[in-house]
Structures are given as C-alpha cells and as structure tokens.
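Undergrad: Attaching a predicted model along with its sequence, questions to come.
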Amino acid sequence: MRSLILALLLAAPLCAADIYLSPTGSDTPGGGTLAAPFATLAYAHSQSSNGDKLILRAGTYTGGVYMTRNNLTVESYTGEWATIVLPNGTSGQDVTLYFAGSGCTARRLEIVGGYFYCVKIDAGPALVEDCRIHGSGRDCVKIPGADNVTIRRCEIYDSGLRDPSNAEGIDNVNGDTMLVQDCYIHDIATNGLYPKGGSIGSIIERCLIRNCGQKGISMAQSSGTAFYDTVANPEYYGCRDCIARNNIIENCEGSGIDLEAALRARVFNNTLINVAKSQQGGIRISLSSFGGSPPDVPCHDCEIRNNIIVLGSASARPMLFMGNNSHTGTLTMSNNRYYKMGGTAVYWWEPTGQYGLNLAGWKSASGTDTNSTEGDPQVGADWHLLVTSPCIGAAMTIAGFTDDYDGNTRSGAWDIGADESGGTALQTPPPTGTLGTGGTGSSTPLPGTPGAPTSLAQTFNGNVNLTWNDNSIDETNFRIERRGYMGAWGTLATVGANVTSYTDGSPILGINDYRVFAYNAAGDSLPSNVVTVSLSSAGPPTNATEGCTAQGDRGFSVTGVVLAIMLWLLRKRIHVQRRRIHD
C-alpha cells in the first residue's frame, strides 16, 4: 500500500503557477511574482508551462504572441482591467491573442486590433468569457476547426476596420459544439456570427446582435471543400444540428437568420427587428453550390418556431425567402409572428417562381406554418414585449430549454420571441461598461471598479480582528460583510479608503464568516477570500483555511491523491466482485 501511495503522489497533478505581469514590471529571470511581475506577454509565455495562469495587472500589453501551452489562462488581475493590443493595419501583426494550445482560457480582457483577427483559436476546448473584443482588421474572433469553444458574456464589435469585405464578429469554420451565450455583438462589417464548414452541434443563445452589414446569424455559409470533414459530414452540409434560440437581432442589411445547406437547424424564439433592409429576407433558406463537385447541397429537415420577424417600412425584401431547390425532407414552421412596418408583407417561394405571396399563399406553397400569424407584435423600444402584445401566450412549448433572452424562466403558455413577459428585463442595448448583455452568470465587475482586497486574515482576543491587503488606489470605502451558519451575507460595517483593518466586537456564537469588498462610484470589487471563526462557550475559536494558494507553487494536489486512492480501491473491489462472479 505504501508503494501505491508513493506512486500516486508522484503522479498527482501539480498546482499550476500564477505568473504576474505589469506594464511597469521587468522581464527578469526569477520574476513573475505579484511583487516582481514580468513586463511582456512574450516573455511571460516563454517562462510558463502547461496549466499556468498569466495574470495581468491593469494597463496595456502588446499582443501577437503565439501561445503554445495547453490549459493556459490569460486574465486580468482580480478587479482590474488589462488591454492586449495590436495595430489592425500592419501586415505581419496578424492576431492579437492567439491560442494554439488546447484547453485555454481568456477572461476579463480587452482585446483590440490585429491585422486579421483579435482572437484566433486553433485548438479546443477553449473558453473566452467576460471580454471586450473589437477593432479587428477582419474577423473579431476566428475559429478554424477548433471544437468545444465557448464564448460567453463578451462584447464583440467593430470588425473589418482594415478590410470590411469579409469580417465577421465570430467566424467558425468546421468547429463543432461551439457555444455562444449572452454576448453583445454589434457594428459588424459583414455577418454577426456563423458556424459553417460543417460545424456540428453549435448553439447560439441569449445574444444581442445589432448593426450588421450582412446577416445577423448565418447557419451556415459555403466554404471551400478543403475545410469540410468528409468523414463526419460526407454530404457537405454547412452545419449540422445547430441551434439559434432566444436571440434579439436588430438592424441588419441581410437576413436576421440565414439557413444555408443546414441539416436539422433549429431556430426557436428569436426576435428579429428591422432586418433584411437590403438583402435576402427576414429568414432565408438557401442551398450551397460548389459548382458541381460536390453537387448543390440544400437544407434538410429544418425547424423554425416561435420567432418574431419585423421588416422596416423601407425594405423591399421578403419576410421569408425560400430559394430554388433549397430544402429537402420536412420543413417545420409554426407559431411565428410576421410584421411589415408601414406596408404589406410579401413572401417568396422561388421553387414555383412566386415572389409576391401573402401569408396565406406562403402557407399553401410551403405546406407548413399553419399556426403563424401576421401583425404588429407590439414590442417596445427595448425589443421586449409590451403587456398588450398578441405574442404573449401564443407560442408552443419546446423541449430542450426553459429560459428566455433575459435568463428568466418560461412557464405556462410560452410567448413568441426572445422575451418571456413578466420577468425582470435586461436593459437593451446594455448600459455602457456592461460585459455582454449583462445576462445570467456574470460575476465580473465593470471596468473602473477597484481591485479586490486580498489576504483577509483574523486574530481573536475576545474580539475578531480582521486585516486585509488593499490592492486598489481608487476605492472610496471598504465594506465588511458577515454571515452566520447557513445565513445570508449582511453588511457589518464600512470603513474609509486605505483602511486595512476592522474589529468585530460582537461576534455571534457559532459560525462567523467574513469577507471584504472595495467599492467606488463604478461599483463593487470582487470579494476577498472568506475567513471563518467558530465561537462556542466550550473553548477558543477555530478558523478554517483551504486551498493551494502560494503563487508559483507547483506542489502536489492532496485532493488528487485522495481521489486517486478512492478510485484504486473502487476498481480493486469491482475486480474482486468480477472474479467472484466468474468463479
């Protein structure tokens, strides 16, 4: 058994190192600590290993580093905001933040410029969250075949400042299971985003997409045949089993949502306002043409339900556009709401050359959409439903999700569109400084909030004496919070700027948890660590600490050892039981 434990200790995963950077730091061997940070991303990356974190203090850093480590995290220091930048007009400075290793994360960063891309991800899985990504030469985010990429709570804007001819917000070519959530994507030269080139199982949900020179969401578009995986996708579908749901899409020259050579695309509960201003249709269904080899690829078995589609009064485009030979199998549509502001909506059914259909004619030609209606959906200036909207309670319930754009729960009779009435609505567009839509799951402070206090500690002499490190220069106060066992956090006291201690003269019997926030006019920092004091009449207090906290520590993980031992014992027991059964 001792030899087993020794082997497990040697094999246990190491605690990753935290490597700190500051614009005022120094690229000196042995640095990279909080007290002696490195200065540049290039040098910090050269000193890193797989699994490390590059933690950037506030300021601006030069990008363009080809990051080859696996499981690397690049993030701003807690409560601060770092910017990584490259010019978008200098050839050779192609990508501002370039992940070539797998399992990488970008978090709480402003990523600007790049001759081609702000962000490029060559290998999945990868996570980009709580970032502001903008000012690219072409695409803001490029995903060339990387699977399992998640992009959430990001603001992505101003693509194509050098070359607006091919400049998406997110350009995913043959990357499977991409997940884009709660992002605000706006002022995009071409398409807001697309999964194309045979992307399988990608989901786009709860996003606000505005001001696109072409389409809002495209599922998908034609790519060169070399980009397709002909084993997983021998038919050359543009995307397979991809979903767009609970999105608000506004002010696009082209389609709000476009289906091109899509297999089993699902378009559910989206709100499309003032789309198809000059191109395509509110929703367009089209084939991909490869010039004969392979043959043209139509969409197949697509489903479009519970969507609001509004075209502006100046648009001459159709509400719905079915291209010639563009869909096979079963097209399923229902419970959609169509409205042409200041005019009469038209629908195009190209297979029989009918370009001026009304809704009844569309239903007859398509053989579906029976439960869809036409008329003003009555949405407000924030693209949420008014209380008088005919879309309330008029949708069908769909398995697989139960939320809306705001993250509220859909219940009872669902509403048409991205918004389920009655819940708390997000501000749309989000207020300046918000990351993404401001939607669910965000715990990231806005830029301008102070750095979080750290190293909260306590001593006891009848009172609980708290001390912490002040990591900001712009706080107005610190707030000390306390909670009892299974209780809620409450404010215990506030102290002024630059104060780093507080004494609780009235701790309660039992558990006392403490944490500290810094705050200013922009809002709260992230919380400090939590310290716990347990008081009883039977003896002195105890306190709890946990975790591998030493920066740069590469010691073994005790948790990993314990889990490994438990797994070994379980396997041994199963092996014994199997032998008994066999005997």
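TA: Okay, I see it.

Undergrad: How about the contacts made by the residue nearest to residue 238 when sequence neighbours are not counted?
TA: Closest residue to residue 238 apart from its sequence neighbours, by C-beta to C-beta, 6 or more residues apart in numbering: residue 220 at 3.1 Å. All C-beta atoms are positioned from the backbone trio N, CA, C, and that covers glycine. For residue 220, the contact set (C-beta atoms under 8 Å, 6 or more residues apart in numbering) comprises 194-199, 237-239, 242, 260-262.

Undergrad: Tell me which residue lies nearest the centroid of this structure.
TA: residue 152 (0.8 Å; C-alpha atoms, centre = their mean).

Undergrad: I'd like to know how far it sits from residue 467.
TA: 36 Å (C-beta to C-beta, to the nearest Å).

Undergrad: Repeat that for residue 354.
TA: For residue 354 relative to residue 467 (C-beta to C-beta), the value is 77 Å.

Undergrad: Tell me which stretches of the stretch 451-583 of the chain form helices.
TA: 558-582 (DSSP state H, counting those that start in this stretch).

Undergrad: which regions of the stretch 51-200 of the chain lie under the pLDDT threshold?
TA: Counting by pLDDT under 70, the stretch 51-200 of the chain shows no low-confidence range.

Undergrad: let me redo that: the chain
TA: Checking the chain against pLDDT under 70 turns up 1-15, 440-448, 485-487, 536-583.

Undergrad: Break it into its domains for me.
TA: 454-544, 553-583 (automatic domain parsing).

Undergrad: on that earlier part again, in JSON lines: the contacts of residue 220, plus neighbour count.
TA: JSON lines is the format used below for the contacts of residue 220 (neighbours: other C-beta atoms under 10 Å):
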{"residue": "194", "neighbour count": "31"}
{"residue": "195", "neighbour count": "35"}
{"residue": "196", "neighbour count": "30"}
{"residue": "197", "neighbour count": "28"}
{"residue": "198", "neighbour count": "27"}
{"residue": "199", "neighbour count": "30"}
{"residue": "237", "neighbour count": "27"}
{"residue": "238", "neighbour count": "32"}
{"residue": "239", "neighbour count": "32"}
{"residue": "242", "neighbour count": "30"}
{"residue": "260", "neighbour count": "28"}
{"residue": "261", "neighbour count": "29"}
{"residue": "262", "neighbour count": "32"}
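
Undergrad: what's near enough to touch the nearest residue to residue 362 once chain neighbours are set aside?
TA: Nearest in space to residue 362, with sequence neighbours left out and distances taken as C-beta to C-beta, 6+ apart, is residue 347 at 3.7 Å. The contact partners of residue 347, taken as C-beta under 8 Å, 6+ apart, are 318, 319, 320, 321, 357, 358, 359, 361, 362, 365.

Undergrad: try 7 Å this time
TA: By C-beta atoms under 7 Å, 6 or more residues apart in numbering, the residues touching residue 347 are 318, 319, 320, 357, 359, 361, 362.

Undergrad: Please verify my assumption that residue 112 contacts residue 96.
TA: Yes. Contact criterion C-beta atoms under 7 Å: residue 112 and residue 96 qualify, at 6.4 Å.

Undergrad: Could I get the full set of helices for the protein?
TA: 2-11, 41-46, 359-366, 558-582 (DSSP state H).

Undergrad: For stretch 411-425, which outside residues touch it?
TA: Contacts of stretch 411-425 (C-beta under 7 Å, 6+ apart): 246-248, 269-271, 306-308, 335, 337, 377, 382, 384-385, 387, 391-397, 404-406, 408, 410.

Undergrad: And stretch 37-51, by the same measure?
TA: 16-17, 19-23, 25-27, 31-32, 54, 57, 61-63, 65, 67, 69-72, 84.

Undergrad: got the buried residues for it?
TA: Buried residues in stretch 37-51, counted by 16 or more other C-beta atoms under 10 Å: 37, 38, 39, 40, 41, 42, 43, 44, 45, 47, 48, 51.

Undergrad: Now do the first one against residue 27, distance only.
TA: With distances defined as C-beta to C-beta, the gap from residue 37 to residue 27 amounts to 10 Å.

Undergrad: list the helices and strands the longest strand along the chain packs on?
TA: Longest strand in the chain by number of residues (criterion: DSSP state E): strand 510-520. Strand 510-520 makes packing contacts with strand 454-460, strand 464-469, strand 477-483, strand 531-536 when contacts are defined by 3 or more C-beta pairs under 7 Å, 6 or more residues apart in numbering; DSSP states H and E.

Undergrad: Among those, which comes closest to residue 76?
TA: Checking the helices and strands packed on strand 510-520 against residue 76 by C-beta to C-beta gives strand 454-460 as the closest, at 14.5 Å.

Undergrad: burial count for residue 137?
TA: The tally of other residues near residue 137 (other C-beta atoms under 10 Å) stands at 28.

Undergrad: now swap in residue 512 and tell me
TA: Neighbours of residue 512 under the rule other C-beta under 10 Å: 22.

Undergrad: Is the nearest residue to it once chain neighbours are set aside bridged to anything, and to what?
TA: Leaving aside its chain neighbours, residue 512 sits nearest to residue 533 (4.5 Å; criterion: C-beta to C-beta, 6+ apart). In this structure, residue 533 bridges to residue 512, residue 543 when assessed by DSSP bridges.
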